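Undergrad: Sequence isn't available, so here's the structure alone:
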């Protein structure tokens, strides 16, 4: 994408009732292929918040030198348990600072008395209800920003990754691809009800997993692969050494995958496969308490 870097992002918080505060910080210099050996504290920035009309439960981020005349891909981020929609502020700078509009969506169940942490429900009708929340947030973002309607990527971490898969399959006509960091792939109940359409759609998916992580279970992974093969999903599996998938290499891989599969897809036959990194280049990404 064209355009140079500025030193601030614009974040549009829409979930709190208090006054907005102005924050400063340095964004990474250079493009989205910058040095991955740097620590998150060296590379990430606290976005500047702008005074805008707030809407509940979502957080929007604009890329550096946002251009109204260009239709940007949209990354919709579903946070992990105990976090909230602002987790995207700590994630998206490590994916890219200029290639995407970002949208963080708050889960529907509070996990603490302060109302800072939330999680996604797992009941029978949870996926359908969460789908409505996510689609409403996407519509809000498209009202405010120039977004390509065929380049909407749903990404999540932990329980948010599980839900991203479910919503992506339920809304396969609107979601261009799904990124799953940990979590689980859904079984055939509920989300496979449009089985024929899903097989024709061949949903592009990136599955990211830590080899020694909490979600690392060879039997469950085989079950997930079998389920994905049933609907002919275009799945790419990437495994990372260590016990945590949330690291800078994994996040940067999201940008590369989005370009290869969503923004400028190559006419190659996709398959379910695995790749393992040696872990020498990644840095863990820590989330703040809120």
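TA: In hand now; what should we look at? Not measured: the values here are computed from a predicted model. Numbering: from 1, shown residues only.
Undergrad: which residues of the stretch 101-250 of the chain fall in strands?
TA: In the stretch 101-250 of the chain, the strands defined using DSSP state E, counting those that start in this stretch lie at 101-105, 109-110, 118-119, 147-157, 177-181, 204-210, 234-240.
Undergrad: Columns mean neighbour count and mean pLDDT on top of those strands, output as TSV?
TA: Glycine gets a C-beta too; all of them are placed from N, C-alpha and C. Output for the strands of the stretch 101-250 of the chain, formatted as TSV (neighbours: other C-beta atoms under 10 Å; pLDDT from 0 to 100):
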stretch	mean neighbour count	mean pLDDT
strand 101-105	28	98
strand 109-110	13	91
strand 118-119	20	94
strand 147-157	22	97
strand 177-181	27	97
strand 204-210	25	96
strand 234-240	21	95
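Undergrad: In a markdown table: those strands, plus distance to residue 163.
TA: As requested, the strands of the stretch 101-250 of the chain are arranged in a markdown table below (distance: least, C-beta to C-beta, whole Å):
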| stretch | distance to residue 163 |
| --- | --- |
| strand 101-105 | 10 |
| strand 109-110 | 12 |
| strand 118-119 | 10 |
| strand 147-157 | 6 |
| strand 177-181 | 10 |
| strand 204-210 | 14 |
| strand 234-240 | 17 |
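Undergrad: burial of residue 219, as a residue count?
TA: Counted with other C-beta atoms under 10 Å, the neighbours of residue 219 add up to 7.
Undergrad: give me every residue that touches it.
TA: Listed by C-beta atoms under 8 Å, 6 or more residues apart in numbering, residue 219 has no contact partners.
Undergrad: any idea how far it is from residue 104?
TA: Here the criterion is C-beta to C-beta, to the nearest Å. By it, residue 219 lies 33 Å from residue 104.
Undergrad: Likewise for residue 250?
TA: In terms of C-beta to C-beta, residue 250 sits 18 Å off from residue 104.
Undergrad: try residue 155
TA: 10 Å.
Undergrad: likewise residue 156?
TA: 11 Å.
Undergrad: intersection of neighbour lists for these two?
TA: 77, 79.
Undergrad: didn't residue 70 look like it was pressed against residue 145?
TA: No: judged on C-beta atoms under 8 Å, residue 70 makes no contact with residue 145 at a distance of 10.4 Å.
Undergrad: Give me the pLDDT for residue 161.
TA: Predicted confidence (pLDDT) for residue 161: 96.
Undergrad: And for residue 220?
TA: 89.
Undergrad: tell me which element the nearest residue in space to residue 119 that is not next to it in sequence falls in.
TA: Spatial nearest neighbour of residue 119, excluding adjacent residues (C-beta to C-beta, 6 or more residues apart in numbering): residue 81 at 4.2 Å. Assigned by DSSP states H and E, residue 81 belongs to no helix or strand.
Undergrad: picking up where we left off before, please name whichever of the strands of the stretch 101-250 of the chain is nearest to residue 137.
TA: For residue 137, the closest of the strands of the stretch 101-250 of the chain is strand 101-105, at 4.7 Å, according to C-beta to C-beta.
Undergrad: who touches both of residue 155 and residue 104?
TA: By C-beta under 8 Å, 6+ apart, the residues touching both residue 155 and residue 104 are residue 77.
Undergrad: related to what we said a few turns ago, what about residue 70 and residue 145, which has more around it?
TA: For the pair residue 70 and residue 145, the greater number of neighbours falls to residue 145 (19 against 13), based on other C-beta under 10 Å.
Undergrad: tell me the contacts of that one?
TA: 60, 62, 66, 72, 74, 101.
Undergrad: Does the second one touch residue 103 like I think?
TA: No: proximity of residue 62 to residue 103 does not meet the contact threshold set by C-beta under 8 Å, at 10.5 Å.
Undergrad: Figure out which of the strands of the stretch 101-250 of the chain is closest to residue 126.
TA: Residue 126 lies closest to strand 109-110 among these, at 9.4 Å (C-beta to C-beta).
Undergrad: Packing partners of that closest one?
TA: strand 118-119 (3 or more C-beta pairs under 8 Å, 6 or more residues apart in numbering; DSSP states H and E).
Undergrad: what's the strand it packs on in contact with?
TA: 79, 81, 82, 83, 84, 106, 107, 108, 109, 110, 111, 159.
Undergrad: at 10 Å what do you get?
TA: Strand 118-119 has contacts (C-beta atoms under 10 Å, 6 or more residues apart in numbering) with 57, 79-85, 105-112, 158-160, 163.
Undergrad: Quick one: buried ones out of those residues?
TA: 57, 79-80, 82-85, 105-107, 158-160, 163 (16 or more other C-beta atoms under 10 Å).
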